[in-house]
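Trainee: Sequence first, predicted coordinates after that:
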2 protein chains.
Amino acid sequence: MARAGLTPERLTRAGAELADETGFDQVTVSAVARRFDVKVASLYSHVRSSQDLRTRITLLALEELADRCADALAGRSGRDALTAFAHVYRDYAREHPGRYEAARARLTPEEAAASAGVRHARMTRAILRGYDLVEPEQTHAVRMLGSVFHGYVSLEAGGGFSHSAPDSDESWARVLDALDALLRHWPTAP
Amino acid sequence: MARAGLTPERLTRAGAELADETGFDQVTVSAVARRFDVKVASLYSHVRSSQDLRTRITLLALEELADRCADALAGRSGRDALTAFAHVYRDYAREHPGRYEAARARLTPEEAAASAGVRHARMTRAILRGYDLVEPEQTHAVRMLGSVFHGYVSLEAGGGFSHSAPDSDESWARVLDALDALLRHWPTAP
DNA sequence: CGATTTGCCTAAAGTCTTTAGGTAACCCCA
DNA sequence: TGGGGTTACCTAAAGACTTTAGGCAAATCG
């Protein structure tokens, strides 16, 4: 019988595709095996467990997203950087809902430290270089940016903003306007 | 043999407790049956399916959260209302992580329309009555508020802000300061 | 007090996870 | 070119969860 050419990378990629098609929680060792027309047990030479497979998908998604963000940020600053970054985020989530879901999955502290999550954190902070914020306000702002991006994208993915006026695209644009204005006039502690 | 006194409500409540203890994804018909010291099949007279059980937990969490928000909002307006609402959100998520996770689970459009989600939407909009925003900006602001609340709480729950200075409490307070300032000086479209 | 309804049970089939151990394909080097 | 070793996929099996079908006993009510 011809070999299928399984590797951890190919399994991860197939799992990511499956996630985008049917949801991250539907990603199962069995389903991936089916996709390769291979017996389930065969995957266990390449992936330690079902959880391991999911973690790999999470790490892949974080990498992909960080790569796109890095591209978008290159040569931009201030408001330009903010909106470019934001659009990458939202577009990725719409294009790859399962991967985006995977990217939000919990990692152990060690996994997180070794993941592209740290690039995300650095890039978010880089955006703020175009604004006039010093610590600790910069960190507060980083956290707020992350919250808005993740929160908006995730509520939108859950269908929160669909079928109601105004259009979600319009809200997203106005939310980014608001964020930009807020960062330019960040309030001092009252 | 004595009867266990199962009802959909008791099963839902037990499932919610289980979610808080071990995570929403660990909530299974089997686990709940174990908790009642009852055979698995017995639960199927009270809930239609595993998915049905989860949906009930989601609806319960949305109700509880909406009740707390309503209490917090009573007699408050403007900045007071904003921070009270926000604190309820964050406290609930920290106190009941599994329920909060459940509250963010996807519902069908029909389920969502019949859920306490609509109360949440109304209350978020009510907060904005203390600020000077007219449509469609009000809706944009509603969506931004929801995004910040959900995003922050969910990133915090994922461990995003732990083990790093400044304290998450402090960031939360400053994020709310920033939101209040933003709503008082909501930028016009550029 | 007997009939009916209700509530929990046993049984069984299907899916997914994971481990153990077997066999065939591939690779390399004599 | 043809063993010999390694690798890749397989069969088999056990354990957990989901779901349905049908049975028996407890509760309820006339």
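Mentor: Structure received.
Trainee: Now tell me which helix or strand of chain A has the poorest mean pLDDT.
Mentor: Across the helices and strands of chain A, mean confidence by mean pLDDT, DSSP states H and E is lowest for helix A:109-114: a mean of 94.
Trainee: what does chain A have sitting close to DNA strand C?
Mentor: By the rule Cβ under 7 Å from any atom of the strand, the part of chain A lying against DNA strand C is A:1-3, A:28-31, A:40-41, A:44, A:48-51. Yep, even glycine has a C-beta here, placed from its N, CA and C like the rest.
Trainee: change it to 10 Å
Mentor: Within chain A, the positions adjacent to DNA strand C are A:1-3, A:5, A:26-34, A:39-45, A:47-54 by Cβ under 10 Å from any atom of the strand.
Trainee: Out of these, which sit inside helices?
Mentor: A:29, A:30, A:31, A:32, A:33, A:34, A:50, A:51, A:52, A:53, A:54 (DSSP state H).
Trainee: With pLDDT, distance to residue B:112 and neighbour count added, can I get those in CSV?
Mentor: Output for those, formatted as CSV (pLDDT from 0 to 100; distance: Cβ to Cβ, whole Å; neighbours: other Cβ atoms under 10 Å in any protein chain shown):
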residue, pLDDT, distance to residue B:112, neighbour count
A:29, 98, 32, 21
A:30, 98, 31, 12
A:31, 98, 27, 16
A:32, 98, 31, 25
A:33, 98, 35, 20
A:34, 97, 32, 14
A:50, 98, 30, 16
A:51, 97, 30, 10
A:52, 98, 34, 16
A:53, 98, 31, 22
A:54, 98, 27, 21
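Trainee: Intersect those residues with the contacts of DNA strand D.
Mentor: Counting by Cβ under 10 Å from any atom of the strand, residue A:33 from those sit close to DNA strand D.
Trainee: Distance to chain B added to the ones in helices among the residues of chain A next to DNA strand C, as TSV?
Mentor: TSV is the format used below for these (distance: Cβ to the nearest Cβ, whole Å):
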residue	distance to chain B
A:29	16
A:30	18
A:31	17
A:32	19
A:33	22
A:34	22
A:50	12
A:51	11
A:52	16
A:53	15
A:54	11
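Trainee: For residue A:65, state which of the ones in helices among the residues of chain A next to DNA strand C is nearest.
Mentor: Of all those, the one with the least separation from residue A:65 (Cβ to Cβ) is residue A:54, at 16.4 Å.
Trainee: For stretch A:42-57, which outside residues touch it?
Mentor: Residues outside stretch A:42-57 that contact it (Cβ atoms under 8 Å, 6 or more residues apart in numbering or on different chains) are A:4, A:6-8, A:11-12, A:15-16, A:19, A:24, A:27-29, A:32-33, A:99, A:102, A:105, A:107, A:111.
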